[in-house]
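K.L.:
for reference, the sequence and a predicted model appear below.
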Amino acid sequence: MSPEGGAAHGDDSPTVDQLEQEGDIAADYIEEFLDICDLDGDIDIDARNGRAYVSVNAADGDTLRVLSKPDTVNALQELTRLAVQNKTGSFSRLILDIGGSREARQAELSALVGRAIERIEAGAADAALPPMSSYERKLVHDLVSERGFVSESNGEGRDRHTVISRA
């Protein structure tokens, strides 16, 4: 462990303790947000793959429906990351899941990749997907690789997207 709190040998990855701290700060922020919105939800915190994961679920799935839309989850995730950064002084890569939104989005991305691969198998040289977040592009790259194709990210900022082609 380096004196700065990261792993040794110049690795800037956060420690498990740092990720747990991020998760706790994020959970407090989300809990306050849910209270303001008068919504009920159970919050779970996990640390894996160098990121804090915060999940919000409710026994009644309809309770969180308004918050589980992809754009809403992404916006709330960014606000939560800023709240964590404000408290810790460090950039956060935490992932927020509301009402199973990440699993639902992964299923959508899998179907999107499947349709893109069908276009390639029908003769297209490559297939470009719409712009998406870095986290979603990472999921797409993994899905594409599992199916024996290659992908790369192109573009800048909000226009950054994935292009799939044959291996």
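P.N.:
Perfect, thanks for sending it.
K.L.:
would you list the phi and psi of Ala47?
P.N.:
Note on Ala47: its backbone torsions stand at phi -130, psi 120 [degrees, to the nearest 10].
K.L.:
ok, the nearest residue to it once chain neighbours are set aside to Ser13 distance?
P.N.:
Taking Cβ to Cβ, 6 or more residues apart in numbering, and ignoring the residues beside it in sequence, Ala47 has Leu19 as its nearest neighbour in space, at 3.7 Å. All C-beta spots, glycine's among them, are computed from the backbone N, C-alpha and C. Summarising the geometry, the distance separating Leu19 from Ser13, computed by Cβ to Cβ, to the nearest Å, is 9 Å.
K.L.:
between the two, which contacts overlap?
P.N.:
Jointly contacting Leu19 and Ser13 under the rule Cβ atoms under 8 Å, 6 or more residues apart in numbering are Gly50.
K.L.:
between those two, which is the more surrounded one?
P.N.:
Comparing Leu19 with Ser13 by other Cβ atoms under 10 Å, the one with more neighbours is Leu19, at 23 against 12.
K.L.:
ok, back up a step: now the helix or strand that the residue nearest to Ala47 is a member of: buried residues?
P.N.:
Counting by DSSP states H and E, the element that carries Leu19 is helix 16-37. By 16 or more other Cβ atoms under 10 Å, the buried positions in helix 16-37 come out as Gln18, Leu19, Gln21, Glu22, Gly23, Ile25, Ala26, Ala27, Tyr29, Ile30, Phe33, Leu34.
K.L.:
equivalent analysis for stretch 92-109, please.
P.N.:
Residues of stretch 92-109 classed as buried under the neighbour-count rule (16+ other Cβ under 10 Å) are Ser92, Arg93, Leu94, Ile95, Leu96, Asp97, Ile98, Gly99, Ser101, Arg102, Arg105, Leu109.
K.L.:
no more questions from me, cheers.
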